[in-house]
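*Asks:* Kindly return the folded structure for what I paste below:
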Amino acid sequence: MSLLLACLADDFTGATDALESLTLAGLQTVMFADAPSPQAVAAIHGLQAIVVATAARSWTSEESERVRPMLAALRELRPRHVVYKVCSTFDSSPQRGNIGRVIEIGSEVFKQATVPVVPGAPTLGRYAVFGNLFAAGSIASGADVYRLDRHPVMSRHPVTPMLESDLRRHLSLQTDRTIGLFDVRELSLPPAERRRAWAAAATAHAILLCDLLTVDQQAALGGLLDDSADGQAPRFSVGSSGATSSLGAYWNANDACKPRTDWPPVNPQRPILVVSGSCSAVTGRQINAALSAGWVGVDAFSPTAATDMAAVLRSGRNGILHTCIGPDDQRRTIELPDMGTRLGGIASDILANAPTVGRVVFAGGDATSHALAQLGMKTFRMITRITPGAPLCQSDGYEIVCKGGQAGPDDFFLLAAGQPSSS
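*Replies:* Presented below is the predicted three-dimensional model:
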């Protein structure tokens with residue numbers, strides 16, 4: 001079976017978000033820690049989509065060149081689409097996590113004059129309207145929605161604060177290629193008019209930013225993305241899981257695959273280890289909720305962190321290794337190189353000395369990418385849903401959850417343990 005889609009994600013939390021969106025669409029999907037060989041892909045019977053996780057969101061603009069051979073490797077797998085998956089809050093800058101530079105590289109690798117860019121992800125509370133990105137304060141139901149440059153977390157991001165919600169302006173600092181907009185009004189046109197408007201916009205610009213406001217619009221946008229694939233070469237696009245969800249919704253509507261809805265409950269497990277490198281207020285509330293429920297926290301900066309946490313887990317209690325509890329934690333000002341790699345090393349030591357742990361939860365996109373790289377896990381499949389964008393996955397020897405800093409309700413860690421929040 002030919003691959004429908006190959007996705008290169010700029011961090012591990014984003015990779016599991018894409019894994020979830022494709023699996024929900026009914027595509028048999030496997031996530032890899034490195035770009036797989038054609039032989040490895042062919043060996044998985046019925047495989048329809050793959051996701052490859054990287055740490056590109058934390059790379060410098062010069063390091064972005066490392067994306068080129070990865071995209072070339074995915075091109076050689078001959079999928080119908082290749083998507084470069086970015087964070088749904090589009091956090092990036094000319095110096096780090098440069099999305100504009102990756103668009104340029106992808107255009108060259110795929111010899112493609114126009115690259116569609118889909119930042120919105122309505123299932124995650126991310127809304128792209130008239131080129132501006134809005135984001136809910138958390139993914140919890142009913143959360144307030146903010147313009148990105150006024151968002152209480154993303155405007156204060158420790159590495160790439162988002163100071164501009166107009167993504168045309170934001171991207172113009174990262175690339176000198178022309179940027180057009182396919183806005184929400186055009187997305188709502190009748191099908192024939194919509195296709196003509198898309199063709200005209202794509203002809204006029206090298207980058208085509210696409211609005212996406214509601215889940216109901218995803219199939220229409222997915223149709224535009226899919227109609228542009230000529231069947232001879234992979235079609236390249238950039239976006240959040242709104243891009244993969246849109247393609248999945250279109251394929252569902254046209255019976256190319258059937259959405260999966262039969263998800264089992266999260267199987268209770270104890271003890272579990274949480275490794276948090278997030279400074280987000282959302283993750284801070286989640287840590288405090290778990291501590292209030294009897295979990296044990298250990299300061300990741302402590303010289304005895306690994307030993308202390310292993311003892312907690314061996315006693316049968318759930319533990320949280322944390323670098324911060326919310327954005328006002330004084331530890332946020334501590335500057336240590338490669339904190340994610342450090343967290344991965346501590347986690348590796350903990351797991352070596354706490355053999356009963358079978359489930360590990362990582363929180364924080366940048367930190368997770370570097371931490372997971374230390375654990376040697378190669379493949380991931382989705383087991384079940386927990387909260388949008390952060391599924392429970394099976395990896396090599398462990399069940400894994402990768403959660404972005406903004407993802408999930410306050411009782412997320414309890415849900416990830418299969419533990420009722422009232423306990």
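*Asks:* drop to CA atoms for contacts and neighbour counts, all remaining ones
*Replies:* OK.
*Asks:* so which helix or strand takes in V274?
*Replies:* For V274, the host element (DSSP states H and E) is strand 272-276.
*Asks:* I'd like the next helix or strand past that strand.
*Replies:* For strand 272-276, the following helix or strand on the C-terminal side (DSSP H and E) is helix 281-292.
*Asks:* That following helix: which residues count as buried?
*Replies:* A281, V282, T283, G284, R285, Q286, I287, N288, A289, A290 (16 or more other CA atoms under 10 Å).
*Asks:* same question, stretch 243-259
*Replies:* Judged by neighbour count (16+ other CA under 10 Å), stretch 243-259 contains these buried residues: 243-252, 257-259.
*Asks:* Phi, psi for the closest residue to P327 other than its chain neighbours please.
*Replies:* Nearest non-adjacent residue to P327, counting by CA to CA, 6 or more residues apart in numbering: C279, 5.0 Å away. When read as degrees, to the nearest 10, the backbone of C279 gives phi -100, psi 10.
*Asks:* quick one: C279 from V109, how far?
*Replies:* As judged by CA to CA, to the nearest Å, C279 and V109 stand 36 Å apart.
*Asks:* Mind checking which of the two has more residues around it?
*Replies:* More crowded of C279 and V109, by other CA atoms under 10 Å: C279, with 26 against 15.
*Asks:* From R332, how far off is the residue nearest to P327?
*Replies:* Separation of C279 from R332 (CA to CA): 7 Å.
*Asks:* cool, F110 as well?
*Replies:* Here F110 is placed at a distance of 41 Å from R332 (CA to CA).
*Asks:* what does A306 give?
*Replies:* As judged by CA to CA, A306 and R332 stand 20 Å apart.
*Asks:* Repeat that for S278.
*Replies:* Per CA to CA, S278 is found 10 Å from R332.
*Asks:* Sketch out the low-pLDDT regions of the stretch 151-300 of the chain for me.
*Replies:* Low-confidence segments of the stretch 151-300 of the chain, defined by pLDDT under 70, span residues 228-232.
*Asks:* all strands of it, in order?
*Replies:* Assigned by DSSP state E, counting those that start in this stretch, the stretch 151-300 of the chain shows strands spanning 179-182, 207-210, 235-239, 272-276, 296-299.
*Asks:* can you redo the ones you listed as JSON lines with distance to D396 and mean neighbour count?
*Replies:* As requested, the strands of the stretch 151-300 of the chain are exported to JSON lines (distance: least, CA to CA, whole Å; neighbours: other CA atoms under 10 Å):
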{"stretch": "strand 179-182", "distance to D396": "42", "mean neighbour count": "22"}
{"stretch": "strand 207-210", "distance to D396": "37", "mean neighbour count": "26"}
{"stretch": "strand 235-239", "distance to D396": "28", "mean neighbour count": "27"}
{"stretch": "strand 272-276", "distance to D396": "16", "mean neighbour count": "27"}
{"stretch": "strand 296-299", "distance to D396": "26", "mean neighbour count": "18"}
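*Asks:* Of all the ones you listed, which one comes closest to C87?
*Replies:* Closest approach to C87 among the strands of the stretch 151-300 of the chain (CA to CA): strand 235-239, 7.8 Å.
*Asks:* what sits up against the closest one?
*Replies:* With contacts defined as CA atoms under 8 Å, 6 or more residues apart in numbering, strand 235-239 is touched by 80-88, 103, 106-107, 110, 112, 115-120, 228-229.
*Asks:* try stretch 165-176
*Replies:* For stretch 165-176, the external contacting residues (CA under 8 Å, 6+ apart) are 93-94, 98-101, 104, 131-134, 147-149, 164, 179-180, 209.
*Asks:* Please compute how far it lies from its chain's middle.
*Replies:* Taking CA atoms, centre = their mean, to the nearest Å, one finds stretch 165-176 lying 21 Å from the centre of the chain it belongs to.
*Asks:* Can you give me the buried ones in it?
*Replies:* Neighbour counts over stretch 165-176 (16+ other CA under 10 Å) mark S165, D166, L167, R168, H170, L171, Q174, T175 as buried.
*Asks:* Okay, and which of those residues map to helices?
*Replies:* Judged by DSSP state H, the subset of the buried residues of stretch 165-176 located in helices is L167, R168, H170, L171.
*Asks:* got the residues you listed as a markdown table, with distance to T384 columns?
*Replies:* Listed next are these as a markdown table, based on distance: CA to CA, whole Å:
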| residue | distance to T384 |
| --- | --- |
| L167 | 33 |
| R168 | 36 |
| H170 | 35 |
| L171 | 35 |
